[in-house]
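> build the 3D model from these lines:
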Amino acid sequence: MTRFVFLLLCFSADMRLLTAKTKTEGNIFSKASYGPQINPGKSSSQETVKSVFAAPEEPHGAENVSSQSVQQKATDASWKFSPHRWPLPLSLFPNSVDDMYYGCSNKMLIKVKRDYLPKSTREGFQSTRTKLCASAAMQSRDPYDPLSWDHFRALCAYTAGAYDSLNRAVREGKASYNSSFQFHALHFFLSDAIRLLKLNQRTCYTAVRRSRRLFVGEPGQTIRFGSFASSSLNKKLFNFGRTTCFEIRTCFGAYLKSYSDFGADEDEVLIPPYEMFRITSVDESGRNPLECEVLYTLETAGIYSTLNCQAVDL
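Numbers count the residues shown, from 1 in each chain. Okay, the predicted model is just below:
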């Protein structure tokens, strides 16, 4: 039985006209428009997904930005003298932990609570700060958001500081996912929280991600962030950086409301590792509404998961 799942969703022209927070043209995470119809006799979640979404072997534009363009930036005198100015290439991050638990979330929930959560020491679930944040989030929970105590703990632990160590492990952790990966509980509960929040968020969002690092990509290129990516509906959070900014139209990212360690102050939209984006434009003029040196405009390009449900039977 194959263990490889490749998902590529193409969005129609009318969906491209959706604007953040206004259109509600159907939830792509809902059973009707996102989930496949289960065929009789199909027991494998992987087979079910593959029977619904046909895709080419490689997504269009999946190649990394050329090494020549990176070297050109690196050798330019204006970029030489700070490690933060060394250009980082945008790519699909093919070695990322991109499990989306599609078709196996209930089985994985049982496994995580039995095998991983009791042993969790690095993920921040047990800290006093996390528990206080989760308690506050539970009290303010929207009754239509079916999140549990563990989902709130994951969101709070991540936004309180676990994002750094988690995302380092996620970006290049594919080879160790079925062996020594240390973040199964946090990865699952964050992914599942995004899935559950999207059940009642019938929209795509236009959000902004800021960085103090320089990233290099080209128009037409298909990329992923390769980790959980925080972004915001607030375009004025300049303290997160002005070197590289991304204006992102995401249809798989979830609005966290007041469920993070920062409450609702940052208007955070959390983007999962498996969402792909097409770079539609690159503005290097330094003169743009976000006041960033480089501004990338990204359009959602579907999802791409190579590790779907691979941890369930470990």
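
> got the end-to-end distance for stretch 143-162?
One end of stretch 143-162 to the other measures 27 Å (Cα to Cα, to the nearest Å).

> ok, residues contacting it?
113, 117, 123-125, 127, 129-131, 133-134, 137-138, 141, 166, 185-186, 189-190, 192-193, 196-197, 199-200, 228, 230, 256-257, 259-262, 268, 270 (Cβ atoms under 8 Å, 6 or more residues apart in numbering). Every C-beta, even on glycine, is put in place using the N, C-alpha and C of the backbone.

> rerun that using 7 Å as the cut-off
Stretch 143-162 has contacts (Cβ atoms under 7 Å, 6 or more residues apart in numbering) with 123-125, 129-130, 133-134, 137-138, 141, 166, 186, 189-190, 192-193, 196-197, 200, 228, 256, 259-262.

> PyMOL command for the buried members of the residues you listed?
To isolate the buried members of those in PyMOL, using 16 or more other Cβ atoms under 10 Å:
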select buried, resi 123+124+125+130+133+134+137+141+166+186+189+190+192+193+196+197+228+256+259+260+261+262
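
> where exactly do the helices run in this protein?
45-52, 67-75, 105-111, 128-139, 149-157, 163-171, 184-198 (DSSP state H).

> for the third one, which residues meet the burial criterion?
Residues of helix 105-111 classed as buried: Ser105, Met108, Leu109, Lys111 (neighbour count, 16+ other Cβ under 10 Å).

> now the closest residue to Ser281 other than its chain neighbours, which residues is it bridged with?
Nearest non-adjacent residue to Ser281, counting by Cβ to Cβ, 6 or more residues apart in numbering: Thr297, 4.5 Å away. Thr297 forms beta bridges with Glu247, Ser281, as assigned by DSSP bridges.

> what's the burial count for Ala185?
Residues near Ala185, counting by other Cβ atoms under 10 Å, number 24.

> do you know how far it is from Gln126?
Noted for Ala185: a distance of 11 Å to Gln126, by Cβ to Cβ, to the nearest Å.

> residue nearest the centroid of the chain?
In the chain, the C-alpha nearest the mean C-alpha coordinate belongs to Pro272, at 1.7 Å (Cα atoms, centre = their mean).

> that residue touches Thr250, doesn't it?
No. The pair Pro272 / Thr250 is not scored as a contact, 9.1 Å apart, by Cβ atoms under 7 Å.

> ranges for the strands of this protein?
88-89, 205-211, 215-216, 222-223, 229-232, 244-250, 254-255, 268-271, 275-283, 294-303 (DSSP state E).

> now distance to Glu172 and mean neighbour count too, for those, in JSON lines please.
Shown next, in JSON lines, are the strands of the chain (distance: least, Cβ to Cβ, whole Å; neighbours: other Cβ atoms under 10 Å):
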{"stretch": "strand 88-89", "distance to Glu172": "13", "mean neighbour count": "16"}
{"stretch": "strand 205-211", "distance to Glu172": "18", "mean neighbour count": "22"}
{"stretch": "strand 215-216", "distance to Glu172": "17", "mean neighbour count": "20"}
{"stretch": "strand 222-223", "distance to Glu172": "16", "mean neighbour count": "24"}
{"stretch": "strand 229-232", "distance to Glu172": "15", "mean neighbour count": "23"}
{"stretch": "strand 244-250", "distance to Glu172": "20", "mean neighbour count": "24"}
{"stretch": "strand 254-255", "distance to Glu172": "24", "mean neighbour count": "23"}
{"stretch": "strand 268-271", "distance to Glu172": "18", "mean neighbour count": "26"}
{"stretch": "strand 275-283", "distance to Glu172": "18", "mean neighbour count": "19"}
{"stretch": "strand 294-303", "distance to Glu172": "20", "mean neighbour count": "23"}
